[in-house]
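*Asks:* Test case, fold it:
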Amino acid sequence: MITKNPEKRAWTVLLTAFGIFCLLVISCPLGIRWYLTTATQVEATQLEVLDGTILFNMPGQASPGGVTNVAQMPEKAEFKTDETSWGTLTFFDDSSAVMYSRTHLKILETRTARFQVGHQPDVITLWVDGGRVRLAVAPAGERGRRFAVHTPHAVASLEEGSYSVEVSNRETEIAVREGQAIVSGSGGVKEVNRGERTNVAAGQPPADPVPAERNLVENGSFRDRLAHWSVYNEQGVDGGVINGQAEVIASGDRYAVRISRMGEDGNHCETGITQELNRDVRDYDSLKVHVDVQLLYQSLSGGGYLSSEFPVIVRIDYKDQYGIDRFWTHGFYYHNEANFPIQNGTQIPRYRWYPYESENLMEVLGDLRPNWVTGIRLYASGWNYQSMVSEVGLIVE
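*Replies:* Numbers count the residues shown, from 1 in each chain. Here you go, the predicted model:
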């Protein structure tokens, strides 16, 4: 086709070229500036194994590897600890995550601005699928930071501070020691502040925050009878054959377990209830025993000749930091007519409820403090006895 107006065509081409030129002059610097200010880079994370072997999976790795000391880990790396291993992840901003026993964690994101002019905030995002993690979130830099933890039940956005996250099949618990957490799940959002914790059950919004301390014992009030507890009897080597009994009764405004054995004075027997706990407690600064005790009858004086046979004894079984099985006990008695020596025992009034709270076992046990609590036991030991226990708690904070 022959153009009737070549000048018009020339102007059209010229103006189009000029427009493209202007667009390039404007957009190229803007594009470069956009890239410089928004580009991010992946930062490595240091894994330090504190005990045992931590298994890990790298992106695209077919089978897991194991670390026993220190290693640099990339984004998307995944970690598993067993009952004998634990370790620390240290991120590029000096924040850290302590992975305790039986924990599954994945690094979703660890990113920072690629260039000095970048204004994108630092990003650290973790996925915790099970176990317990202690998080220390460092102060944010000039660009700010987004630190988030995802679990199967919740998402928590964390400010500078100290936090613990514990995940089971049923729920996620997030506790704030210092700082503030914004916790969301199933359409609900809660603000959790210093000294508080919230629980997020599967398919439920976060619960209202409550004080951070918690009771490791299930059904310590015995309102569900002996659910979570097991009754046992142990005869001595002195030929006794009559076992004791442990049963839940109503006592005034409470439920209590009555432990009794009558009819065979002079022969040793031990009767009580136990509960398996199997909880990692390294993350806690305080561990105290709470129990209400009422003594009705004891035929053996004090705690016996060896101070080991009281009408009520509370016992905590645990492993120390060296993995050695240990236990802590405290007994109660109302008379000691034979003047036997007393160790780890308290004399209390007969027929009255006595509320007992131990010292902080994390402090008094020193280097032999618990790392892993395996169980709790409340029992009577001796000849004939009648006692009651109620409101049992193993309180950690």
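*Asks:* Can you list the residue ranges for helices in this structure?
*Replies:* With DSSP state H as the criterion, the chain has helices at 6-38, 361-364.
*Asks:* tell me, which of these is the model least confident about?
*Replies:* When the helices of the chain are compared by mean pLDDT, helix 6-38 comes last with a mean of 66.
*Asks:* Leaving out chain neighbours, which residue sits closest to F332?
*Replies:* Leaving out its chain neighbours, the residue that sits closest to F332 by Cβ to Cβ, 6 or more residues apart in numbering is V312, at 4.6 Å. The way it works is simple: take the backbone N, C-alpha and C, and place the C-beta from them, glycine included.
*Asks:* Ignore what I typed, I meant E75.
*Replies:* E75 sits nearest to V42 (Cβ to Cβ, 6+ apart), 4.7 Å away.
*Asks:* roughly how far apart are the one you found and F92?
*Replies:* Distance from V42 to F92, counting by Cβ to Cβ, to the nearest Å: 10 Å.
*Asks:* same check, this time on I20
*Replies:* 42 Å.
*Asks:* The two: who's more crowded?
*Replies:* F92 (17 against 10; other Cβ atoms under 10 Å).
*Asks:* Pull the contacting residues for that one.
*Replies:* 43-45, 110, 112, 122 (Cβ atoms under 8 Å, 6 or more residues apart in numbering).
*Asks:* and what of P59?
*Replies:* P59 neighbours (Cβ under 8 Å, 6+ apart): 74-77.
*Asks:* so what's the backbone phi/psi at it?
*Replies:* phi -60, psi 130 (degrees, to the nearest 10).
*Asks:* How far does stretch 206-218 sit from its chain's centre?
*Replies:* Stretch 206-218 has its C-alpha centroid displaced from the chain centroid by 11 Å (Cα atoms, centre = their mean, to the nearest Å).
*Asks:* Show residues contacting it.
*Replies:* By Cβ under 8 Å, 6+ apart, the residues outside stretch 206-218 that reach it are 154, 173, 175-177, 183-185, 188-193, 195-201, 227-228, 275, 277, 279, 281, 286, 373, 376, 392-397.
*Asks:* Only the buried subset of those, as a PyMOL command please.
*Replies:* Per 16 or more other Cβ atoms under 10 Å, the buried members of the contacts of stretch 206-218 correspond to this PyMOL selection:
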select buried, resi 154+173+175+176+177+183+185+190+192+196+197+198+199+200+275+277+279+281+373+376+392+393+394+395+396+397
